[in-house]
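1. The sequence isn't on hand, but the structure is:
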């Protein structure tokens, strides 16, 4: 069963919160953690990993904190999920060619590939802006 981990859920909460702030607003990690009900140290690690790939920007020192690295309309839900969870894989056999010795003979392998493609399409079709403005 495919299931989003707590880390994935926290990542989504944090990024949506940042997207709901006024453009250019830098938020303290304590503010984000309180608003999203996410442990501060866990959230800090998630947001630092986002900063490394440009989803958010981090600022140190007085007035430091986090803000989106680009427009929420240009960040997909897939990008956020894969940043913390890794590639969307409904079954281990999709990790790569040769991972499963039954790649070429397994009748269910193409089904898992279709599941993967559809989930990716759905997540690519949802932006963080969509989620931030959902009421």
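-> Sure thing, it's come through. Given the structure is predicted, the values throughout are model-derived calculations rather than measurements.

2. other SSEs contacting the helix or strand of the chain with the lowest mean pLDDT?
-> In the chain, the helix or strand scored least confidently by mean pLDDT, DSSP states H and E is helix 109-124, which has a mean of 87. Contacts defined by 3 or more Cβ pairs under 8 Å, 6 or more residues apart in numbering; DSSP states H and E place helix 109-124 against helix 77-85. (Glycine included, C-beta is placed from N, CA and C.)

3. contacting residues around the helix it packs on?
-> The contact list for helix 77-85 (Cβ atoms under 8 Å, 6 or more residues apart in numbering) reads 4-5, 7-8, 11-12, 15, 46, 49-50, 53, 55, 88, 120, 123-124, 126-128, 131.

4. now swap in stretch 59-70 and tell me
-> Contacts of stretch 59-70 (Cβ under 8 Å, 6+ apart): 15, 18-19, 21, 24-29, 31-32, 47, 50-51, 54-58, 75, 128.
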